[in-house]
Structure formats: C-alpha cells, structure tokens
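Trainee: Predicted model follows, preceded by the sequence.
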Amino acid sequence: MKRVDDFRLRLGSNELVPIMVGGMGVDISTSALAVEVARLGGIGHISDAMVHTVTDRRFHTHYVKDRLKQYKFNVGNLDKSVVQFDLGQLAEATRLHVGSTMEAKRGPGLVFMNCMEKLTMNNPRETLRVRLRSAMDAGVDGITLAAGLHLGSFALIQDHPRFLDVKLGIIVSSLRALQLFLKKNARGSGRLPDYIVVEGPLAGGHLGFGEDWREYDLVEILAEIRDWLRAEKLDIPLIPAGGIFTGCDAVKFLEQGAHAVQVATRFTVTKECGLPDDVKQAYFQADEDQIEVNNASPTGYPMRMLKGCPAIGSGVRPNCEAFGYLLDASGRCQYAEAWEQEKAKLSEGQKPAVRTKTCLCTHMRNFHCWTCGHYTWRLKETSLREPDGSYRLLSVEHVFRDYQYSVDGRIELPSPG
Ligand SMILES: Cc1cc2nc3c(=O)[nH]c(=O)nc-3n(C[C@H](O)[C@H](O)[C@H](O)COP(=O)(O)O)c2cc1C
C-alpha cells in the first residue's frame, strides 16, 4: 500500500513532499505554520488578507489606528468611496509580513502567499497590483491566486523582474473557470500557471459553488480538468483540495493523477495555527450538524462556518473606516448595506442584529468568524481528550507527518503524557 511519501511534487527545480497547506486568512495560517510546513519539505501558505491588522499585531505598527483616525469623519456615512487605502502603506505592510516570513524560512520546502481577488479594497485593480508585486519584492516563493477569476492578474505583474521565477498558481472549482483564466492570462503574458489547485465543495473558507454545492464531487471535477489538460497537451501540476482528511485520502488522489494535495482543516487545531485556543476547542467539539454553508459573507460567495460562531447574527457597526477590505470599486459593502437597512427598522438606541450578512472584516480580525472545512467534525478523531474534557492541541509536524506516512486510513494520535 502506498503512502503520500512515495510521491513527489516537482515545481521547477524543487522536489517537494506533495502536501500543500492552504492559505487561511486572516492569519489563521500564520507565518509560523507556513515556515514549519516548508521545513518539513512541503508548501506552506501565508495569506495577505487584512495585512495591516496582521502586521499591527505582529510588529506593533499602527496602520489600522491611523486609518481610522484619518477617516473617522465618515463613520456615519453609508457611502464609503472616500475611504481609500494608501498604496505605499499597503506595499510596506505586505513587504513586512512576507519578508519576515521568508527570512524565517528554513529547509527544503516553499512558502507561498494566498491572494484573494475578492478583497477589492475600494480600488480592486491597484490594490491587487500592489499586493502581488510587494509580495514578489519581498521574496515570496509563490503566489496562489484565490477567491476570484483573476482574469487580469498576470498582466499586473508581467513586467516584474521575478515574473518567471515566482511560482504562480490559481484555485479553480470548475473546468470553465480554468479555461477562462488560461485564455485571459496565458495569451498576453506568454506564461502558464505553475500549478492548479482544484478546490471541491467540502473545503473551508469561501466556496466556488452555489447553493447546489452538494451536487459536485472533487473526484469528478479533477478528472474533467485532468483529461482536458491532457487533450490540450498542457502539463501543469494539479492539486486537489477540500475534504482530504487522511494520508490515504491523499494517496487516492495522487494515484488518480494529482501531483499533490492541498489541505487545511487538520491544521486548524495545531499550536502554530493563529486561531485562539478556545476556538480550536470549538473546532474539536463540533458535530456534523453544527457545520453549515451560508451566504453571510459580503463577498457574495457561499462560506462554510460553525453555526454558533459570534459572527453570525451580530449587528456590529460596519468598520470600513478601519478595515474596508470588502468595499467594491464604488465603495459599497453588502454588510454595510444590510446593517443600514436593519437599523432603519429600529427606534433610537436599539441595536441591529443582522442575520443576512456578516461584517467579515471585523469578525475575521477578531477570530469570530469560524470558517471551517466540512470534516471539521472529524477533528476529534485526531487527538486525545484531556481529563478536563478539552482536546490536546497538535503540532504542525505531527499532522504533516501523519499525512505523509499514514496507511490503511489510520490517523496517528499524539503520544499520551
Ligand atoms: C479556517 C480556514 C480558512 C480558510 N481561508 C482561506 C482563505 O483565506 N483563502 C483561500 O483561498 N482558502 C481558504 N481556505 C481553504 C483552504 O485553503 C483549503 O483549500 C481547503 O480548506 C482544503 O480543504 P480541507 O480544509 O478540507 O483540508 C480556508 C480553509 C479553512 C479551514
């Protein structure tokens, strides 16, 4: 019986353990987590989501405070178009976050950055340009383009000196999305992506499916994309993601022609993961019926979450002057609009409770939006229960090695004591 370790992922001159830990914003897949995965020979991801608040926390910068001070006059205004991001500061914060991670990197693996297009930041094109280019300046090994079709993303960086050197990949959930991406990006830039993450309906975070997500199957989507690439004579590594819970699940995909797997949920209960410990315990404790796919995200994409998390039904005032990562090109956010509508129904002093949307910026920043993969309810199988009823946190090394060496569907528990 084969193990993940019997396979290798080749990306350029790199030979890697075929395990990629997916990006989990906001700072859930921390630098420490990504660096540890690279040390073990795989690919780790940091995320550039809400990079200002991440650097404020890590390096005691005060981007968010300064921004709020600058735009406080607009807090009561539904029109947020005035609340722009300073592109110089965005570059600085990205370079700090990515550069410090790359300095800490050791060992044979790689560290990539997950870059979500849907973080439109009130100026989608220019902010995305700065995010991508600053990460490349700061020495990132690769960038995974996520949460969006990224039809113009290569054009934003094709004159960057590292354009051919940085590994560039895209996350898609359908052949159609991949075809569009290749048509728009490869033509102008003369460059193909170095890898394609095929994310199925069981993943955490935002989903590339509608309400009918249950009707899709990762095995089928992967096979369709693999066959099309073969017919087109395109040799691009394929990396399935979503619901790959054990090393044996991974081996099935590797035998089906995948070059690596992308996983995330199993790493949410590691010490290196950025979630607070009580949230990690909530993930461990979750039962299957507590996990839902809802439309609360103002991005418009469905998102998988734990039902009881504080982000759902909260009526927090929109924080676009401090954050504003989801403001579209005309300064609007679906949550801010939903909040305003709820407020209009209430009398003075009453607090709105918004059930339709969530203030994703505020809640991700505070780790109150508990997004998770479908198999979060199985995390309790992966650890030991302490006498006080809590579950033992794992190390990234333990979970990574379990994927790498597991056979017969077994999950290695941490050693007792
Ligand atoms: C807590 C959490 C946060 C996530 N955040 C992001 C994100 O910010 N961007 C993204 O592209 N994918 C995100 N994902 C998706 C993962 O990167 C990954 O592709 C997927 O969850 C893999 O499936 P698995 O969790 O079943 O292993 C997130 C997943 C989880 C569990």
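Mentor: Sure, I can see it.
Trainee: okay, now Phe59: neighbour count?
Mentor: 11 (other CB atoms under 10 Å). Quick note: C-beta positions are derived from backbone N, CA and C, even for glycine.
Trainee: go on, the one 5 residues further on?
Mentor: Val64 is surrounded by 19 other residues when neighbours are defined as other CB under 10 Å.
Trainee: mind starting the numbering at 363 from now?
Mentor: With the count now opening at 363, the last piece we talked about shows up as Val426.
Trainee: ok, it touching Glu683?
Mentor: No. Judged on CB atoms under 8 Å, Val426 makes no contact with Glu683 at a distance of 9.8 Å.
Trainee: Find the closest residue to the ligand in the stretch 663-779 of the chain.
Mentor: The minimum distance from the stretch 663-779 of the chain to the ligand, using CB to the nearest ligand atom, falls at Gly735 (3.0 Å).
Trainee: do the same with the stretch 463-612 of the chain
Mentor: Gly566 (2.5 Å).
Trainee: Get me the contact residues on the protein for the ligand.
Mentor: Counting by CB under 6 Å from any ligand atom, the positions of the chain adjacent to the ligand are 384-387, 390, 409, 411, 476, 478, 508-509, 533, 561, 564-567, 603-606, 624-627, 630, 733-735, 737.
Trainee: Return the subset of these lying in strands.
Mentor: The subset of the residues of the chain next to the ligand located in strands under the criterion DSSP state E comprises Ser409, Asn476, Met478, Ala508, Ile533, Glu561, Ala603, Gln624, Val625.
Trainee: which of those sit farthest apart?
Mentor: Met478 and Val625 (18.4 Å; CB to CB).
Trainee: Quick check, Arg754 in contact with Leu741.
Mentor: No. Contact status for Arg754 versus Leu741: not in contact, 11.5 Å apart, counting by CB under 8 Å.
Trainee: Can you pull the residues that touch both of those two?
Mentor: With contacts taken as CB atoms under 8 Å, 6 or more residues apart in numbering, Arg754 and Leu741 have no neighbour in common.
Trainee: And the two? Which one has more around it.
Mentor: Taking other CB under 10 Å, Arg754 and Leu741 do not tie; Leu741 has more neighbours (22 against 16).
Trainee: for the protein, what are the low-confidence residue spans?
Mentor: Residues of the chain meeting the criterion pLDDT under 70: none.
Trainee: That one: helices as residue ranges?
Mentor: Secondary structure of the chain by DSSP state H: the helices cover 393-401, 413-421, 425-433, 449-466, 486-499, 515-519, 537-551, 580-593, 609-617, 639-647, 696-706, 722-727, 758-767.
Trainee: Arrange those helices in TSV, one row each, with distance to Arg679 as further columns.
Mentor: Formatted as TSV, the helices of the chain follow (distance: least, CB to CB, whole Å):
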stretch	distance to Arg679
helix 393-401	31
helix 413-421	17
helix 425-433	12
helix 449-466	24
helix 486-499	23
helix 515-519	33
helix 537-551	35
helix 580-593	39
helix 609-617	43
helix 639-647	23
helix 696-706	7
helix 722-727	9
helix 758-767	37
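Trainee: how close does Val623 sit to Met382?
Mentor: 7 Å (CB to CB, to the nearest Å).
Trainee: Which neighbours do these two have in common?
Mentor: Common neighbours of Val623 and Met382 (criterion: CB under 8 Å, 6+ apart): Ile601.
Trainee: I figured Cys610 hits Asp770, correct?
Mentor: Yes. Between Cys610 and Asp770 there is a contact at 6.8 Å, judged by CB under 8 Å.
Trainee: who has more neighbours, the two?
Mentor: Taking neighbours as other CB under 10 Å, Cys610 and Asp770 compare with Cys610 leading, 19 against 8.
Trainee: That one: what's it in contact with?
Mentor: For Cys610, the contact set (CB under 8 Å, 6+ apart) comprises Ser768, Val769, Asp770, Gly771, Arg772.
Trainee: swap the cut-off to 7 Å and go again
Mentor: Ser768, Val769, Asp770, Gly771 (CB atoms under 7 Å, 6 or more residues apart in numbering).
Trainee: Quick check: Ser745 vs Tyr765, distance?
Mentor: The gap separating Ser745 from Tyr765 is 15 Å, by CB to CB.
Trainee: between those two, who's got more neighbours?
Mentor: Each of Ser745 and Tyr765 has its neighbours counted (other CB under 10 Å); Tyr765 has more, 29 against 19.
Trainee: tally of neighbours for the residue nearest to the more buried one when sequence neighbours are not counted?
Mentor: In space, not counting the residues next to it along the chain, Tyr765 is nearest to Gly609; the distance is 4.7 Å by CB to CB, 6 or more residues apart in numbering. Counted with other CB under 10 Å, the neighbours of Gly609 add up to 27.
Trainee: now swap in the one 4 residues further on and tell me
Mentor: The burial count assigned to Val613 is 25, neighbours taken as other CB under 10 Å.
Trainee: quick one, what contacts it?
Mentor: Contact analysis of Val613 by CB under 7 Å, 6+ apart lists Lys364, Arg365, Val366.
Trainee: The last one: neighbour count?
Mentor: Other residues near Val366 number 28, with proximity taken as other CB under 10 Å.
Trainee: Identify the residues contacting it.
Mentor: Contacts of Val366 (CB under 7 Å, 6+ apart): Pro380, Ile381, Gly609, Ala612, Val613, Leu616, Tyr765, Gln766.
Trainee: The same query, at a cut-off of 8 Å, please.
Mentor: Contacts were defined as CB under 8 Å, 6+ apart; by that measure Val366 touches Val379, Pro380, Ile381, Gly609, Ala612, Val613, Leu616, Val623, Tyr765, Gln766, Tyr767, Ser768.
Trainee: Please report how far it lies from the ligand.
Mentor: Going from Val366 to the ligand by CB to the nearest ligand atom, to the nearest Å gives 14 Å.
Trainee: could you measure that residue against Val379, distance?
Mentor: Using CB to CB, we find Val366 at a distance of 7 Å from Val379.
Trainee: Overlap in contacts, those two.
Mentor: Taking CB under 8 Å, 6+ apart as the criterion, Val366 and Val379 both touch Gln766.
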